[in-house]
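Q: With the sequence up front, the predicted model follows.
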Amino acid sequence: MSTSLVASGSRPQPLSLPALVDALSLRDLTDPAQGPHALQLLVTDAAAALGELWDADVRLLRSRPVVAVEDNYDRLGYEPGAVSRDVRYTRYVSDTTMLRSHTSAGVPPALRTLSAGPAPSRDVLLVLPGICHRRDSIDRLHTGTPHQLDVWLLRRGGRRLDHDDLHLLVTTLVHAVLPGTHWRWTATSHPYTIGGREVEAIHGGQPVEIAECGPAAPEVLAAAGLSPSEWSGLALGMGLDRVLMLRKGIPDIRLLRSADPRVAAQLLDLAPYQPVSDLPPARRDISVAVAAGSDAELLGDRVREALGPDADLVEEVAVLSTTPYADLPAAARERLAIRPDQENVLLRLVLRPVDRTLTSEEANTLRDRVAAALST
């Protein structure tokens, strides 16, 4: 068993076989082998701009989404007790494998391959796009299956890569994928970088997070067999879905997978998105007893599991209020059949397909399915 799972005090809860099959069957929009999509153009533009800037050996790497827990967490410097390892947020396949939560999971194997090969004569640019699997809240900007792009620049010998190079990398990348967009960064920390930064694009006068970056942590390089005294690196991970939405002016992340021909045809290029309709939403409120401490991410994930293919009909799941057991009147406790280790959550379910209007009966059926699933 992975040491991380022992440290967290709980064994992983593997996905059911149907859930795993569904996850592995989901189209990776960054993979040309699975059909063309505008996300692939962003990957191509980013790799070309950065590869030309440093005259680097560009290595575009793709892999299956099932990865070793050690590569997703341990070899990237995540502490054994890191919250992200918790079974509430990670989709474990077994004790030692999981659906990757970020494309950074492909970096340790790529670094090991680099270490085992001949010494490169120039900088190496690792480009790792792909689909990831997370437990996340449901709204217009979030999904449990985001697409990401990891870019790692590695240098052996010579002048060491530093924060000036990092600034140039971010500047070049933003110009390539969001031409003309202003950006800023703020200090933050990541287990796989030192002196990390969070990158925000300024859109409509507001900052929107699009990437995280920093000089590669020496411990991560050393763990892969690359001596930090000889090697230096820069690491960056970018959310491709959000960048494409900013680039094209797409208002809802579900549109990226729309089967509506009027929408799908617009997702083959980087031209501005032309809205096809503005359908009215159906709103349903649900009062339910759930485990104390359940957050929007966990509840959103349970809604997705409950609705399966119909989850795309949900535009948002919003937590309107949370009431502890002790604060509920006796009549409410009896009505909810709530236990002392639970709390009463009032949810608002916003239902709006991207291509049609739901009937009242359809909306009520979806509400009932969600309520039943959350009550178990």
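A: Nice, thanks for sending it over.

Q: Contacts made by stretch 197-215 with the rest, please.
A: Here stretch 197-215 makes contact (CB atoms under 8 Å, 6 or more residues apart in numbering) with 161-163, 166, 169-170, 173-174, 178, 181-188, 190, 192-196, 232-239, 242-243, 246. Where C-beta positions appear, they are placed from N, C-alpha and C, glycine not excepted.

Q: From the chain's centroid, how far away is it?
A: 15 Å (CA atoms, centre = their mean, to the nearest Å).

Q: That one: which residues count as buried?
A: 197-201, 203, 208, 210-215 (16 or more other CB atoms under 10 Å).

Q: Quick one: name whatever helix or strand follows the helix or strand of the chain with the lowest mean pLDDT.
A: Averaged element by element with mean pLDDT, DSSP states H and E, the chain has its least confident helix or strand at helix 3-8 (a mean of 41). Counting by DSSP states H and E, the next helix or strand C-terminal to helix 3-8 is helix 17-25.

Q: Counting by contacts, list what the very next helix or strand once past that next one packs against.
A: Using DSSP H and E, the helix or strand that follows helix 17-25 in sequence is helix 38-54. Applying 3 or more CB pairs under 8 Å, 6 or more residues apart in numbering; DSSP states H and E, we find helix 38-54 packed against strand 57-60, strand 124-131, strand 147-156, helix 163-177, helix 240-248.

Q: low pLDDT regions in the stretch 1-150 of the chain?
A: 1-12, 136-139 (pLDDT under 70).

Q: ok so, going back, mind giving me the ChimeraX select for the contacts of stretch 197-215, buried ones only?
A: The buried residues among the contacts of stretch 197-215 can be selected in ChimeraX (16+ other CB under 10 Å) with this line:
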select :161,166,169,170,173,174,178,181,183,185,190,192,193,196,232,233,234,235,236,237,238,239,242,243,246
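
Q: the helices in the stretch 201-350 of the chain, which residues?
A: Applying DSSP state H, counting those that start in this stretch to the stretch 201-350 of the chain gives helices spanning 218-223, 240-248, 261-264, 296-307, 330-336.

Q: quick one, which of these is nearest to L26?
A: Each of the helices of the stretch 201-350 of the chain was scored for nearness to L26 using CB to CB, and the closest is helix 296-307 (11.8 Å).

Q: neighbouring contacts of that closest one?
A: By CB under 8 Å, 6+ apart, helix 296-307 touches 19, 88-89, 135-138, 142, 144, 290, 311, 313-314, 317-319, 345, 347, 349, 366, 369-370, 372-374.

Q: Reformat the helices and strands packed on helix 38-54 as JSON lines; add distance to L279.
A: Shown next, in JSON lines, are the helices and strands packed on helix 38-54 (distance: least, CB to CB, whole Å):
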{"stretch": "strand 57-60", "distance to L279": "38"}
{"stretch": "strand 124-131", "distance to L279": "27"}
{"stretch": "strand 147-156", "distance to L279": "25"}
{"stretch": "helix 163-177", "distance to L279": "30"}
{"stretch": "helix 240-248", "distance to L279": "19"}
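
Q: Of those, which is nearest V107?
A: Across the helices and strands packed on helix 38-54, closest to V107 is strand 147-156 (CB to CB), at 5.9 Å.

Q: just checking, what packs against the closest one?
A: Against strand 147-156 (3+ CB pairs under 8 Å, 6+ apart) you get helix 38-54, helix 107-116, strand 124-131, helix 163-177, strand 231-239, helix 240-248.

Q: Tell me which of the ones you listed sits nearest to R257.
A: Of these, the one closest to R257 (CB to CB) turns out to be helix 240-248, at 9.9 Å.

Q: Give me the helices and strands touching the closest one, please.
A: Going by 3+ CB pairs under 8 Å, 6+ apart, helix 240-248 lies up against helix 38-54, strand 147-156, strand 197-203, strand 206-215.

Q: So for L267, which of the ones you listed sits nearest?
A: helix 38-54 (5.1 Å).

Q: With just CA atoms, put the closest one into PDB.
A: Output in PDB follows, covering the C-alpha atoms of helix 38-54 (Å, rounded to 0.1, in the frame of the first residue of the first chain):
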ATOM      1  CA  ALA A  38      -9.700  23.800 -30.500                       C
ATOM      2  CA  LEU A  39      -7.900  22.800 -27.300                       C
ATOM      3  CA  GLN A  40      -5.400  21.000 -29.600                       C
ATOM      4  CA  LEU A  41      -4.600  24.300 -31.300                       C
ATOM      5  CA  LEU A  42      -3.800  25.900 -28.000                       C
ATOM      6  CA  VAL A  43      -1.300  23.000 -27.200                       C
ATOM      7  CA  THR A  44       0.300  23.400 -30.600                       C
ATOM      8  CA  ASP A  45       0.700  27.100 -30.300                       C
ATOM      9  CA  ALA A  46       2.100  26.900 -26.800                       C
ATOM     10  CA  ALA A  47       4.600  24.200 -27.700                       C
ATOM     11  CA  ALA A  48       5.700  26.000 -30.900                       C
ATOM     12  CA  ALA A  49       6.200  29.400 -29.200                       C
ATOM     13  CA  LEU A  50       8.200  28.100 -26.300                       C
ATOM     14  CA  GLY A  51      10.200  25.600 -28.300                       C
ATOM     15  CA  GLU A  52      11.300  28.400 -30.700                       C
ATOM     16  CA  LEU A  53      12.000  30.800 -27.800                       C
ATOM     17  CA  TRP A  54      14.600  28.500 -26.300                       C
END
